[in-house]
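Trainee: Next one to model:
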Amino acid sequence: MGTSYTTITFRGSGPEAVRDALEEQKIQASIAESTGEYTVLNLEQTSPTLDRFYQQQDEFREVAVGLSKRLEAPALAAMNLDDELLLLWAFDKGELVFQYDSNPMVLGCPVCSYSSETVPAEISDVGRLTELFGVPQNTRALRSWLRRGRGLGFLDETSRHRQIVRLLGLPEAGVGSEAFAKA
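Mentor: Below is the predicted model:
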């Protein structure tokens with residue numbers, strides 16, 4: 001079994017503002033890292049599980065939307081399920097500007113004629129994502145990493161996520177074990 005985690009990285013919101021928003025919305029989370037420009041949250045209570053994945057996905061997305069809106073800040077929400085599936089959503093002041101599903105068939109039909117390896121990732125507008133985080137020059141490289149199959153530069157979704165945050169210029173604290181080590 002691989003790593004499962006949920007994190008949200010906010011741009012332009014300091015730790016006090018994030019703590020206040022968490023308290024106001026009664027959300028339990030820990031700040032994994034706070035730098036001058038970014039604050040990374042680790043939402044331990046929503047670590048995804050296979051049996052409740054779809055419900056947890058909806059709940060987590062709503063938390064991220066609410067916090068982005070409340071903080072009036074860009075946010076990148078990430079959900080990793082056992083290193084088999086990486087979901088990303090980017091919000092700007094609560095508005096969805098990007099979404100990504102690395103493996104749309106990870107929980108697919110076991111009797112279907114297609115497998116998770118043959119169904120490509122679902123990716124929305126990468127240009128809007130890179131613009132949101134101020135790195136439009138990385139659009140092409142990021143699109144490549146989002147589409148790349150496992151084994152072509154990484155072996156699991158945590159490794160893919162680590163490269164994505166590097167290309168976006170975000171702190172690595174929101175990726176896999178780093179999120180828990182600094183919490």
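Trainee: going forward, measure contacts and count neighbours with C-alpha atoms only.
Mentor: Noted.
Trainee: how about the strands of this protein, start to end?
Mentor: Using DSSP state E, the strands of the chain run over 5-11, 30-34, 38-42, 74-81, 85-92, 95-101, 122-123.
Trainee: who touches the shortest one?
Mentor: If I follow you right, that is strand 122-123. Under the criterion Cα atoms under 8 Å, 6 or more residues apart in numbering, residues 98-104, 146 lie in contact with strand 122-123.
Trainee: Recalculate using a threshold of 6 Å.
Mentor: Contacts to strand 122-123, defined as Cα atoms under 6 Å, 6 or more residues apart in numbering, come from residues 100-101.
Trainee: Tell me the spacing between the closest residue to N138 other than its chain neighbours and L76.
Mentor: Nearest residue to N138 in three dimensions, chain neighbours excluded: L167, at 6.3 Å (Cα to Cα, 6 or more residues apart in numbering). Distance of L167 to L76, given as Cα to Cα, to the nearest Å: 13 Å.
Trainee: just to revisit the earlier point, could you tell me how far the residue nearest to N138 is located from V135?
Mentor: From L167 over to V135 (counting by Cα to Cα), the distance is 8 Å.
Trainee: before we move on, what about E84?
Mentor: 27 Å.
Trainee: Please identify which of these two sits among more neighbours.
Mentor: E84 (20 against 14; other Cα atoms under 10 Å).
Trainee: Next up, the contacts around that one.
Mentor: E84 touches nothing, counting by Cα under 6 Å, 6+ apart.
Trainee: does the residue nearest the centre of the chain have beta-bridge partners, and which?
Mentor: Centroid-nearest residue in the chain, with Cα atoms, centre = their mean: A78, separated by 1.5 Å. Listed by DSSP bridges, the beta-bridge partners for A78 are T7, L88.
Trainee: okay, L86: pLDDT?
Mentor: L86 is assigned 91 on the pLDDT scale.
Trainee: cool, S102 as well?
Mentor: Looking at S102, its pLDDT is 88.
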